[in-house]
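K.L.:
this is a predicted model, with the sequence first.
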Amino acid sequence: MTTTLAPSAPTVHGTVRPASVRAPLRDVATMTRREARRSLRSIDGLVTAFALPVLIMSAFVIVFGGAISGGTGGEYIDYVVPGVLVMCLGMNSATAATGVAQDMTTGTIDRFKTLPIFSSSALWGHVIASVVRNLASVVVVLLVAIAYGFRPEADLGQWLGFVGFAVLAVVTFTWLCVVFGLVLSVEASMSVSMIFLFVPYLSSGFVPVDTMPDWLHGFAEHQPFTPIIESVRGLLGGAPDAATIVTACVWLVGFLAASVVVGGVLYRRRTAR
């Protein structure tokens with residue numbers, strides 16, 4: 001009598017394990033908790049996540065607000081908060097670059113390779129922890145902004161749209177930073193946050209584009225941060241523009257798809273050694 005063996009479940013890092021959807025989800029949840037604990041133990045990370053965005057907003061509102069408000073067509077705090085929020089999302093996401101670089105260079109990933117776990121769970125742990133950290137930071141910034149006089153006019157649907165858009169932005173920014181973390185040293189990865197700190201200044205985040213020098217208009221109008229910030233401004237202001245949101249989502253989804261593909265290829269190559 002001939003016995004037919006059932007096909008084996010897919011292997012993870014060379015180890016056969018029963019096929020299950022819950023197993024990868026459990027692995028990702030474990031890695032997310034690991035990254036969350038590491039974030040809570042990092043004083044620098046907590047300052048970057050919660051204190052720095054508030055300090056930046058305070059500087060623009062309190063120090064520069066009186067001089068700048070004349071060109072924004074209203075209260076400057078209502079204009080600048082969306083730019084600060086997007087900058088906050090980017091800077092907080094950039095910590096994933098350093099976290100991934102540390103995992104890749106300290107032997108952590110090599111240890112994970114010996115375990116029967118979902119191969120990309122470490123990367124997804126960084127991404128999901130970044131989403132949670134960023135949303136908490138956004139809440140803090142919004143509460144301080146409201147204390148300063150910020151008055152969002154969004155209804156419930158627009159608030160939900162803002163949350164969904166913020167999650168998409170964080171996931172995109174974090175996956176982009178994961179790619180940087182896979183190719184940079186730990187020291188070099190720490191400079192990734194400068195992208196999200198500097199480039200938003202060359203957008204409509206802090207002053208209207210038409211107040212900038214003429215030679216800068218083209219870049220400021222067509223770089224991705226401008227529609228992203230304008231989408232947040234429209235959602236929180238109660239007057240979202242569908243075309244601007246679509247443009248922003250195209251930028252974000254395009255960067256996300258490219259980052260996931262490139263990150264997956266780089267991770268497989270680095271872990272195949």
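P.N.:
Sure thing, it's come through.
K.L.:
my read: Val131 touches Phe173, true?
P.N.:
No. If you go by CB atoms under 8 Å, Val131 and Phe173 don't touch, sitting 10.1 Å apart. Glycine gets a C-beta too; all of them are placed from N, C-alpha and C.
K.L.:
Pro152 belongs to a strand, doesn't it?
P.N.:
No. The assignment for Pro152 (DSSP: H, G, I helix; E, B strand; the rest coil) gives coil, which keeps it out of a strand.
K.L.:
start and end of stretch 149-165, how far apart?
P.N.:
One end of stretch 149-165 to the other measures 24 Å (CA to CA, to the nearest Å).
K.L.:
pull the distance from that stretch to the chain's centre.
P.N.:
Stretch 149-165 sits 19 Å away from the centroid of its parent chain (CA atoms, centre = their mean, to the nearest Å).
K.L.:
now do the buried residues in it.
P.N.:
Judged by neighbour count (16 or more other CB atoms under 10 Å), stretch 149-165 contains these buried residues: 150, 152, 154, 158, 161-162, 165.
K.L.:
now stretch 205-225
P.N.:
Going by neighbour count (16+ other CB under 10 Å), the buried part of stretch 205-225 is 205-207, 209, 212, 220, 223-225.
K.L.:
of those, closest to Leu235?
P.N.:
For the buried residues of stretch 205-225, the residue nearest Leu235 by CB to CB is Gly205; the value is 14.7 Å.
K.L.:
which pLDDT value belongs to that closest one?
P.N.:
With respect to pLDDT, Gly205 scores 91.
K.L.:
with the one 5 residues further on instead?
P.N.:
Asp210 is assigned a pLDDT of 90 by the prediction.
K.L.:
list the contacts for it?
P.N.:
His217 (CB atoms under 8 Å, 6 or more residues apart in numbering).
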